[in-house]
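[1] Mind folding the following:
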Amino acid sequence: MRLKNKKALITGASKGIGKSVALGLAKEGADIFITAQKDIDGLNETMEEAKKLGVKATCGLYDASCFKDVERLMDEVEKSFGNLDILVNNAGIIKPTPFLELHPEQFEKTLKVHLFGTYYHTWLAAKRFMIPNKSGKIINLAAPAAFKGYIGVVDYASAKGGIAAFTKNVAKELLPYNIQVNAVVPVAES
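    Presented below is the predicted three-dimensional model:
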């Protein structure tokens, strides 16, 4: 119960990595607010599993690529928890497409969800909750594709590379406020 009384926001938590992170934080005692863009059934399932662990869990559908939606989310986090100690930026999309078939709309959408979404959540959480409290942890999800060339994921890799650079720079700027900012690069076990 290392995170008892801590409040965490995890984006993209209806399945996969986001769900695992949310339940991992809940197992350590953190109250969680989880989001997804469309998968309310997945969110509800994750929320109910977290509640069985004895923590407060709340969820909602929000578009990580829309600043107004993220502002609305932060209002709900404040109503639900009053504070925010941990932010995990996991929301993302991937649609493997060869570069020469990659339309600008898809490239832009992928960057908006991953990179802009990470910026929106980090900026608002830091300004609203973490800087005033001089405390916080922010974890951003990068990917191996940001560091090694693959076929069919130019948009995804570009977004994840941007997140890696974003994380390094924001970490330097938020350090004086006692806010730790890190990126993780999950890899599948072989």
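[2] so how far is residue 8 from the residue of the chain positioned farthest from its centre?
    Farthest-out residue of the chain from its mean C-alpha position, per Cα atoms, centre = their mean: residue 100, at 29.5 Å. Using Cβ to Cβ, to the nearest Å, residue 100 is found at 41 Å from residue 8. C-beta: built from backbone N, CA, C; applies to glycine.
[3] just residue 167 next, same as before
    Per Cβ to Cβ, residue 167 is found 18 Å from residue 8.
[4] quick one: which of the two has more around it?
    residue 8 (26 against 22; other Cβ atoms under 10 Å).
[5] returning to that earlier point: assign the residue farthest from the centre of the chain to helix, strand or coil.
    State at residue 100, reduced to three classes by DSSP: H, G, I helix; E, B strand; the rest coil: helix.
[6] For residue 59, which non-adjacent residue is spatially closest?
    For residue 59, ignoring the flanking residues on the chain, the nearest one in space by Cβ to Cβ, 6 or more residues apart in numbering is residue 43 at 4.2 Å.
[7] if I pick that neighbour, what's in contact with it?
    Listed by Cβ atoms under 8 Å, 6 or more residues apart in numbering, the contact partners of residue 43 are 13-14, 34-36, 59-61.
[8] ok, then the element right after the top helix by length along the chain?
    If you go by DSSP state H, the chain has its longest helix at helix 154-174. Counting by DSSP states H and E, the next helix or strand C-terminal to helix 154-174 is strand 179-184.
[9] other SSEs contacting that next one?
    Counting contacts by 3 or more Cβ pairs under 8 Å, 6 or more residues apart in numbering; DSSP states H and E, strand 179-184 packs against strand 136-141, helix 154-174.
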